[in-house]
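> Could you work out the structure for the sequence below:
(chains A, B, C, D, E, F, G and H)
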8 protein chains.
Amino acid sequence: MFESILNALLKGEIALEEAEKKILETFYERTDELMLDLERERRQGFPEVVFASGKTTKHIILAVEKFLEKKGIAFVSHLDEEKKKVVKDRFREYEIKEAGRLLVVKKKDIPERLDGTVGVITAGTSDVPFAEETSLILEELGATVRKVYDAGVAGIHRSFYALKQVKDADLIMVFAGMEGILPSLVASLTDLPVIAVPTPIGYGHGGEGTGALTTMLQTCVPGLLVVNIGNTVGAAAAAVRILRRIGSAER
Amino acid sequence: MFESILNALLKGEIALEEAEKKILETFYERTDELMLDLERERRQGFPEVVFASGKTTKHIILAVEKFLEKKGIAFVSHLDEEKKKVVKDRFREYEIKEAGRLLVVKKKDIPERLDGTVGVITAGTSDVPFAEETSLILEELGATVRKVYDAGVAGIHRSFYALKQVKDADLIMVFAGMEGILPSLVASLTDLPVIAVPTPIGYGHGGEGTGALTTMLQTCVPGLLVVNIGNTVGAAAAAVRILRRIGSAER
Amino acid sequence: MFESILNALLKGEIALEEAEKKILETFYERTDELMLDLERERRQGFPEVVFASGKTTKHIILAVEKFLEKKGIAFVSHLDEEKKKVVKDRFREYEIKEAGRLLVVKKKDIPERLDGTVGVITAGTSDVPFAEETSLILEELGATVRKVYDAGVAGIHRSFYALKQVKDADLIMVFAGMEGILPSLVASLTDLPVIAVPTPIGYGHGGEGTGALTTMLQTCVPGLLVVNIGNTVGAAAAAVRILRRIGSAER
Amino acid sequence: MFESILNALLKGEIALEEAEKKILETFYERTDELMLDLERERRQGFPEVVFASGKTTKHIILAVEKFLEKKGIAFVSHLDEEKKKVVKDRFREYEIKEAGRLLVVKKKDIPERLDGTVGVITAGTSDVPFAEETSLILEELGATVRKVYDAGVAGIHRSFYALKQVKDADLIMVFAGMEGILPSLVASLTDLPVIAVPTPIGYGHGGEGTGALTTMLQTCVPGLLVVNIGNTVGAAAAAVRILRRIGSAER
Amino acid sequence: MFESILNALLKGEIALEEAEKKILETFYERTDELMLDLERERRQGFPEVVFASGKTTKHIILAVEKFLEKKGIAFVSHLDEEKKKVVKDRFREYEIKEAGRLLVVKKKDIPERLDGTVGVITAGTSDVPFAEETSLILEELGATVRKVYDAGVAGIHRSFYALKQVKDADLIMVFAGMEGILPSLVASLTDLPVIAVPTPIGYGHGGEGTGALTTMLQTCVPGLLVVNIGNTVGAAAAAVRILRRIGSAER
Amino acid sequence: MFESILNALLKGEIALEEAEKKILETFYERTDELMLDLERERRQGFPEVVFASGKTTKHIILAVEKFLEKKGIAFVSHLDEEKKKVVKDRFREYEIKEAGRLLVVKKKDIPERLDGTVGVITAGTSDVPFAEETSLILEELGATVRKVYDAGVAGIHRSFYALKQVKDADLIMVFAGMEGILPSLVASLTDLPVIAVPTPIGYGHGGEGTGALTTMLQTCVPGLLVVNIGNTVGAAAAAVRILRRIGSAER
Amino acid sequence: MFESILNALLKGEIALEEAEKKILETFYERTDELMLDLERERRQGFPEVVFASGKTTKHIILAVEKFLEKKGIAFVSHLDEEKKKVVKDRFREYEIKEAGRLLVVKKKDIPERLDGTVGVITAGTSDVPFAEETSLILEELGATVRKVYDAGVAGIHRSFYALKQVKDADLIMVFAGMEGILPSLVASLTDLPVIAVPTPIGYGHGGEGTGALTTMLQTCVPGLLVVNIGNTVGAAAAAVRILRRIGSAER
Amino acid sequence: MFESILNALLKGEIALEEAEKKILETFYERTDELMLDLERERRQGFPEVVFASGKTTKHIILAVEKFLEKKGIAFVSHLDEEKKKVVKDRFREYEIKEAGRLLVVKKKDIPERLDGTVGVITAGTSDVPFAEETSLILEELGATVRKVYDAGVAGIHRSFYALKQVKDADLIMVFAGMEGILPSLVASLTDLPVIAVPTPIGYGHGGEGTGALTTMLQTCVPGLLVVNIGNTVGAAAAAVRILRRIGSAER
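This next block holds a predicted model:
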């Protein structure tokens, strides 16, 4: 881990004080004002996504600038319409992509970094913006996304149709609000990894996605994996972790 | 409503005081110590079921005696094993049927009173005792019950199979715990009335049937009707109300 | 189920490949971009209602156009004022009916398709928009709706009055917010099927309809059937299922 | 408040130090090990009731001894069967009364101290032990209690009957579990003070009395007063506060 | 109850049909479109208060007109600023009083109808609008209200001061949000009836008055009576029931 | 999908009726009384695990017998001590393995079917029985499990140590109760797939695993995948889905 | 406590009536209309902070005027933007400081009154406004605040860095929303007092700070102290209590 | 931090490999099977307390043996009666102290390590076992504990009395269940640090300590610090952190 530092110390290339500082730095990186986690991608296999909620536009822009400078690409989530407009305006010279409340700002020449195919299914049309957020992140990182929307169980032939479209993917992500039963149905008919993403759709008892979340956690189909309601970034990151592991296995 | 009473009054057959008392009695029945609702069946189309939980064995037995005397049949629900044993012992000279925590005590010659067929489906084996309680009541009242158990979505071919068995019923009742998605699936594939009965099966978040209840209320399949978790008596009564109305239409 | 397809295959009228495709299509219907469930009514006895919440106005209009084209009538629920205005404007050449957040857009000559009478009672005036949504759907489908509003238990003579008005209906629907006790009272005095619809009225502990829902589920009057808070479409669909079954019995 | 103390001081009857101590004692009473609140009745108009839950039998017996010595009567609530037996055994030379989990131990000659009549109604038979606890306390303090049990709305004529029995009381207390709608019905038909006591009866969603509590708080009948689920002692104390005020008005 | 009707029937003053109708009318009053409960005050001792939430301005005005015509006074609660302005404008020729979201519209010459004194205490300044609503109703009905505001436990000397101001009242009402402990403190120091009114003040865990409600229900001071969060009308009605009973005792 | 059936039909090898039945059977398998899902493993990549909770011992034994006969191995979960003893006794001639409430009954010669390595970490010692259940299933299916127990954040060096032990696994599973923060910490330091399994450990607010579940869902470390509290079978199945996909990539 | 008053009485310096009044005043202070608790700081060691939520601007300004007059400094919390502007405008001649929704209005010459150093750490940037509110209060009272922001566990090296910066403080306050695990991590690595402040950041299950609160209460690191979600004033007051005690120990 | 290691490396006293291992060990301690955190006290200022819940007796005994061997004292919490008996029996040759569900096993000669005085107040007698657990830990670590039990607000003079007894302590801990208002009252009357410990006492709405917890978090008295329901060990550890800091200030 720090053998090279110790060697440099032994060789007299660095002083003792310098060695201690360098060893510490493998744990405590020098941080700027915002403490952006520029090395997160190396560590967790997924770039830091700027969580815009509760941040000022100034802070968001500062963060995007830093990520553009260091990484050539910046992801911002949970942007309301007003902030999104300001950010898009500020970075209009860059390539901008958006989905739901997510924004990607990037320089043109980012190489794709991720192999693999993800099937993205939604139960209803209202779930689409959430699926689009996850899909955009995955596509930006190089994955192939196969989307089938509005495939809910109320019209079960649509569910079967959807499953058929994604049966060759590496993993399947199912977005559902209301009572959230589509992920269970999908998982019961495939042996692929299935990630269930509850969306904040629904009203009354179990509304705002709480019913969907409960259904997904309480499923009697073994093997369904769940993230929090509307956690499209977390879902993408989980998919990336799995794809990366499959990809390294493939090599 | 009380025309006959008034006529009797006018004809001098009864005194004014007697008339007032009789009119009042059409609203306020004379009641014994337990205030058993012996006429409930006439009013609500469903006999009173003795709710054993929180009652002493003595009170339960007293109630059964009254119902046997007046109606020839008594239903007792929510009996724990200990109380059930005492009650069965006390009435061993009568015909006794039981299912789950429900007991029916009756004289031999009760005529069947209800037409119609009910399809009763359970998602798992653990839901069976609940389905049996509802079925027993329905059968005692004269309905035909067609049962298909263990037809949950984890093996979806079983669900289709179940649906096929009950497609000619007058209404379908689906019992499910855990995430409770079977009733939605059934309702999406039939135009029959569907009553969803959540059972207190499941653990963790959404356990004890709360997840199932939420799923059933939050369903995106229009037309699913719900009763409380484990409310097998209420489910039977609802079925009876519908069957009765269908039956009177048939005549 | 697909005997005719197999016969055509045997007779050489269709090729093997075609036969396989046709068999599959009995399960997986060809779907357009929105996967509208145009055949839902045939399957579930109730037309698909476009759930406007979370959809863009563009998507809503597209769906309405499709349903008008294929069915001659379109139902849209959960419309906020702004979207409702846009949709009404777009389809001003059609007949439009509205109630609460529901819109019906239709061509003039839709034949009535449903027999039967539904009693619709509300506990308060604040529950009326919800009752109106359900009633509009039922009336559009051909049912007779008998409405009695503001009949809550705080003035119990009003409740008795209401019940008297609907005692000849095929089923009774009771809309109530706050503590939601009217459905139980009604169910205790009739043997008709009773559907309880909690409305999101009320404040403090048990507010937003949660108290009403709990009361309806926890009722000690057997046979009350419940849908989710504000689920006026689901309530209508449930009524339709029951009316349809009664109707087919009548024939 | 302490004029007499100051006068005694001025007259030299007591020393300055003694005066300060006496003034303080009007606020801070000398307390024994258990700090029993022997003067609570004078202050709150209701004697301290020993809350047995979480206390050792030894502590309960000690408290009863103190109350017997100072007041001639002791109330103990929340006794499980085992502790109740031990306490009854220890004080078998005294007069003992019990109801539900409540025990009253007393010397024979306690004069009645409270005027007034309380109507006590229960919705079901399972609510009776709770009503009995409250009634016992009220009777021990000298109030007249008129009880009507099993008067729930499922058989509404029983409710009217019950109300008629208590219409001359000073206040009405209604005990109900399940959906807890009886107190609202009673309050809608009387101008007497009505105290609603939810009991821990019921199961599933809104079970253990939570549904009853919600109904009572969310009632649309103005003027219903509520205590916590199963708080029979608090209900009795509230009744006593009202009876006392009526009584002092009567004099 | 209907002796006079029967007598008239016997004397031939009315026909049998008329008699039946008249008897029924003692239960089922003739109702107008809104089914206003004009006789509620006679039955419950408290006038109907128009619940404005969820009603259109047109419906509110219609109701006020009816109450003014029949009773000379109208109470409207839960008015938002916009509706309040419209209603005030419509009835500007009448005497108007307001507090919080409550409006009283009346003709000048309503005689006071209620004796007795109510102590109204608030824990904080934010609770004042709620206390003012209750006080206004009580004062309009003729009660004397003694107000002490901002007397919370954070400065406990203020609490003692408050209690001293109201110690001669017939009953005490304590309004509190946040953790809601003032009612318990007050009840521990008086033997008067105490009604606790939780207000929707507070944030985080137990916010919006839920913590205050819980504290009031869970109090270890016996005899505290509770209404729902922000239920100022219900609190006033409960006070009126108690004052009325005290008043009738006084006579 | 059923090309071979159609071909057999065309060739006259089977009759039309037989063909239709065979096609149907690809969807609706012939089922025995229990409707065991013997082909689930082929469909979902994971064998059916008998959920013992709510089943009679007789039903459990019947299911085990069927699985032994058809598959040579049977998994039973949620066994209490009493049932476990009976089942073990009945199948004592077979090889039996157990962990927590899970039992595996098998014939000796089941070939391993799954490649890959899973790191299993627990936060505390109380989480171990849950980790053992998951590990036993994984090992029985052929996976290599590397376990590090008691590595919670209260002693963070232990967490780092644990992570180091499993850094070459294909995926990491972290079991934690209480506040459940270990999975987040692990996920922040690795790019492997991480499955978080909340255990029902903890008391007070957030007890019984609800706090752990919330923490895992609400994590700000992207990519954490969650199953329900104590869902050790689901966690194993999810791991198997991922391992299988990695394994097929490797080949 | 009132020896001097009694002495003055004995010496005839004050009359008996005056003595009684003076003794009472040590408990019941004379209060103005708002009952401002001007002596709270002496009693609780922390000045009263005006809680703006639910108060009118007029009341807030009146309170600020009083505090400026008596104390030379006024704190106002929970100010929305509109009220804040009005208050700042009214007191523009004074020195004004603000953070988040908190405002400090003061005359120039307030001496610092508190020793000690507080480490203030936030998990994310969205938590900063809350940390700033607490810090501003602490600094105004004379404490030294050492801030390290955006040090969440998602980049754990940042957490270690943060801890290092504050390791010489007297106590550490950690602000975190989402899953709220940073306070536990900090507490596990220091023996200083640690106060955890959940912030209302987060969405879905456990959102609005409820997950953070649960994590902090359920922590398995002994010794973490918690305040309510967003309770920045309470956190500051708790810190002051501890600093004051340390400070008095130092002297 | 590891300067001495690097110096030893430079001086050739240790090899490069040894240096790397030693540096790592400052982070990752060598752990035995149970990974006991023997150095936790040095790091967090509080010894590890064995959490017995969910552990086998064998594991508990093993842990106690290790702590006795290394530290001379072992703390075990959450012991049920059965396990407690076994552990006491096993270590009967050692000095054993117990309180509630806590056990301390120690060799005779542990020097006291902590200065300072803690006031421990309980609201009721049922809270005593919890206060005793915390007190025992504090006393074992050398602190002076001043206890005042049964001082709840229902008899407020007892509360004042209690406060007077502990006013010279370094900090006050208040244990309360039910509505939990005593800590707020205490905090309003002192400027000492106050730690509120909710106990799982209470029933109905807000029962099991949830009401007490809410009250403590929602308090309007600034500066109250809270731990989870029944978290007596955490409360003790928090007190120790504060006492330690005060103590180091004193030196």
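
> dump the residue contacts of the residue of the stretch 1-150 of chain A found nearest chain C.
Nearest to chain C, among the residues of the stretch 1-150 of chain A, is A:Ser126, at 3.0 Å (CB to the nearest CB). The way it works is simple: take the backbone N, C-alpha and C, and place the C-beta from them, glycine included. A:Ser126 makes contacts with A:177, A:199, A:201, C:51, C:53-55, as judged by CB atoms under 8 Å, 6 or more residues apart in numbering or on different chains.

> Can you tell me which of those residues lies closest to E:Val148?
Set against E:Val148, the nearest of the contacts of A:Ser126 by CB to CB is C:Ser53 (47.3 Å).

> give me phi/psi at that closest one?
Note on C:Ser53: its backbone torsions stand at phi -60, psi 130 [degrees, to the nearest 10].

> show me what contacts it?
When contacts are taken as CB under 8 Å, 6+ apart, C:Ser53 is in contact with A:126, A:201, A:203, C:78.

> buried subset of those residues?
Applying a neighbour-count criterion of 16 or more other CB atoms under 10 Å in any protein chain shown, the buried members of the contacts of C:Ser53 are A:126, A:201, A:203, C:78.

> could you dump those residues to JSON lines with distance to F:Gly230?
JSON lines is the format used below for the buried ones among the contacts of C:Ser53 (distance: CB to CB, whole Å):
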{"residue": "A:Ser126", "distance to F:Gly230": "32"}
{"residue": "A:Ile201", "distance to F:Gly230": "28"}
{"residue": "A:Tyr203", "distance to F:Gly230": "30"}
{"residue": "C:His78", "distance to F:Gly230": "37"}
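
> Run a quick neighbour tally on the spatially closest residue to the residue of the stretch 1-150 of chain A closest to chain C that is not a sequence neighbour.
Nearest residue to A:Ser126 in three dimensions, chain neighbours excluded: C:Gly54, at 3.0 Å (CB to CB, 6 or more residues apart in numbering or on different chains). Neighbours of C:Gly54 under the rule other CB atoms under 10 Å in any protein chain shown: 19.

> Quick one: classify C:Gly54 as helix, strand or coil.
Assigned by DSSP: H, G, I helix; E, B strand; the rest coil, the conformation of C:Gly54 is coil.

> my guess is it meets A:Thr125, correct?
Yes: here C:Gly54 lies in contact with A:Thr125, judged by CB atoms under 8 Å, at a distance of 7.4 Å.

> before we move on, the earlier item: which pLDDT does the model give the residue nearest to A:Ser126?
According to the per-residue confidence, C:Gly54 scores 88 in pLDDT.

> contacting residues for it?
By CB under 8 Å, 6+ apart, the contact set of C:Gly54 is A:124-127, A:129, A:177, A:201.

> Okay, helices next: where are they in chain A?
In chain A, the segments counted as helices under DSSP state H are A:3-10, A:16-27, A:40-44, A:57-71, A:81-90, A:128-140, A:156-165, A:182-188, A:210-218, A:232-250.

> just how off-centre is the shortest one within its chain?
Okay, so that is helix A:40-44. With CA atoms, centre = their mean, to the nearest Å as the basis, helix A:40-44 stands 13 Å off its chain's centre.

> Buried residues of it, list them for me.
Residues of helix A:40-44 classed as buried: A:40-41, A:43-44 (neighbour count, 16+ other CB under 10 Å).

> Which of these sits closest to E:Gln165?
Using CB to CB, A:Arg40 is the member of those that lies nearest E:Gln165, at 62.0 Å.

> A:Phe75 against A:Ala99, yeah?
No: with contact defined as CB under 8 Å, A:Phe75 does not reach A:Ala99; the gap is 10.9 Å.

> Which one's more surrounded, those two?
With other CB under 10 Å as the criterion, A:Phe75 and A:Ala99 differ in neighbour count, and A:Phe75 comes out ahead with 26 against 19.

> For chain E, see how far away the more buried one is.
With the distance defined as CB to the nearest CB, to the nearest Å, A:Phe75 ends up 31 Å from chain E.

> likewise A:Val120?
36 Å.

> so that residue bridges to which residues?
A:Lys147, A:Met173 (DSSP bridges).

> How many residues are close by it?
Other residues within reach of A:Val120 by the criterion other CB under 10 Å amount to 27.

> same question, A:Glu69
Applying other CB under 10 Å, we find 11 other residues in the vicinity of A:Glu69.

> Check what pLDDT it gets.
Among the per-residue scores, A:Glu69 shows a pLDDT of 88.

> what does the one 10 residues further on give?
A:Leu79 is assigned a predicted lDDT (pLDDT) of 96.

> Pull the number of nearby residues for A:Thr214.
A total of 31 residues lie near A:Thr214 under the criterion other CB under 10 Å.

> got a list of what it touches?
Applying CB under 8 Å, 6+ apart to A:Thr214 gives the contacts A:180, A:206, B:179, B:205-206, B:210-211, B:214-215.

> residue of the stretch 51-200 of chain A with the smallest distance to chain D?
Of the stretch 51-200 of chain A, the residue with the smallest distance to chain D, taken as CB to the nearest CB, is A:Glu179 at 15.5 Å.

> List the contacts of that residue.
For A:Glu179, the contacting residues are A:202, A:206, A:211-212, A:215, B:181, B:184, B:214-216, B:218-220, by CB under 8 Å, 6+ apart.

> can we see that at 10 Å?
Listed by CB atoms under 10 Å, 6 or more residues apart in numbering or on different chains, the contact set of A:Glu179 reads A:123, A:152-153, A:202, A:206, A:211-212, A:214-215, B:179-181, B:183-184, B:211, B:214-221, B:224, C:228.

> Same question for A:Lys22.
A:2, A:4-6, A:8-9, A:14.

> Also A:Ala235?
When contacts are taken as CB under 10 Å, 6+ apart, A:Ala235 is in contact with A:118, A:120, A:130-131, A:133-134, A:137-138, A:173, A:175, A:195-197, A:225-228, F:222-223, F:225.

> Ok, A:Lys97 next?
A:Lys97 touches A:75, A:103-106, A:136-137, A:139-140, counting by CB under 10 Å, 6+ apart.

> most neighbours, which of the residues you listed?
Most surrounded of the contacts of A:Lys97: other CB under 10 Å gives A:Ile137, at 28 neighbours.

> Quick check, pLDDT for that residue.
Per-residue confidence at A:Ile137 stands at 96 (pLDDT).
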